[in-house]
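Q: Build me a model:
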Amino acid sequence: MKAWQRLKQFQGESSFATWMTRITINLCLDQIRKNKRHRAESIEVMDEESGGVERQMPVVAVNPTAGLERSELRKRIDEALGKLSVEHRTVLILHEFEDLEYKEIAKRMECSIGTVMSRLFYARRKMAALLASFKRDELK
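A: The predicted structure is shown next:
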């Protein structure tokens, strides 16, 4: 629509496709800027007609034991990680927690990508078995 409205302004200094692309990019940037301004509104400015702040805020269910459960899970994961070999633990942490790709892990560990993949496979398998055994112990 914008291009049609501004067709008289097209001077032919660039291709028509380039001119259309630039219009599209500018409209997208304008929309992004508009969205940022809209999100930055303060709570005081929120429209009371839409139910006020209370209706716009997400409902948060309070679970008093959630922190304890997370702490226990973290402890069990740490115990399981401690039972892995150094190589398996390192590759698992670098991939799963540091979010590194195989190539970067191979470079850091000075081994092949195939070795990284193999170690990661066996590390995951061992972790699954260890965490499953923790679960079984918990049910007893």
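Q: burial count for M20?
A: 13 (other Cβ atoms under 10 Å). Quick note: C-beta positions are derived from backbone N, CA and C, even for glycine.
Q: for it, what are its contacts?
A: By Cβ atoms under 8 Å, 6 or more residues apart in numbering, M20 lies in contact with A3.
Q: Just the buried positions in the helix or strand hosting K34, please.
A: Using DSSP states H and E, K34 sits in helix 16-39. Within helix 16-39, the residues scored as buried using 16 or more other Cβ atoms under 10 Å are W19, I23.
Q: next one: stretch 16-32 to chain centre, how far?
A: Stretch 16-32 sits 28 Å away from the centroid of its parent chain (Cα atoms, centre = their mean, to the nearest Å).
Q: now it: mean pLDDT?
A: For stretch 16-32, mean pLDDT is 75.
Q: do stretch 102-116 as well
A: Mean pLDDT, computed over stretch 102-116, is 93.
Q: Do me a favour and get the end-to-end distance for it?
A: End-to-end distance for stretch 102-116: 6 Å, by Cα to Cα, to the nearest Å.
Q: What are the contacting residues of it?
A: The contact list for stretch 102-116, computed with Cβ under 8 Å, 6+ apart, reads E87, T90, V91, L94, H95, L100, M117, L120.
Q: which residues does the closest residue to the third one other than its chain neighbours contact?
A: Counting by Cβ to Cβ, 6 or more residues apart in numbering, V91 lies nearest to R119, which is 4.3 Å off, once chain neighbours are set aside. Going by Cβ under 8 Å, 6+ apart, R119 touches E87, H88, V91, L92.
Q: and if we set it to 7 Å?
A: E87, H88, V91 (Cβ atoms under 7 Å, 6 or more residues apart in numbering).
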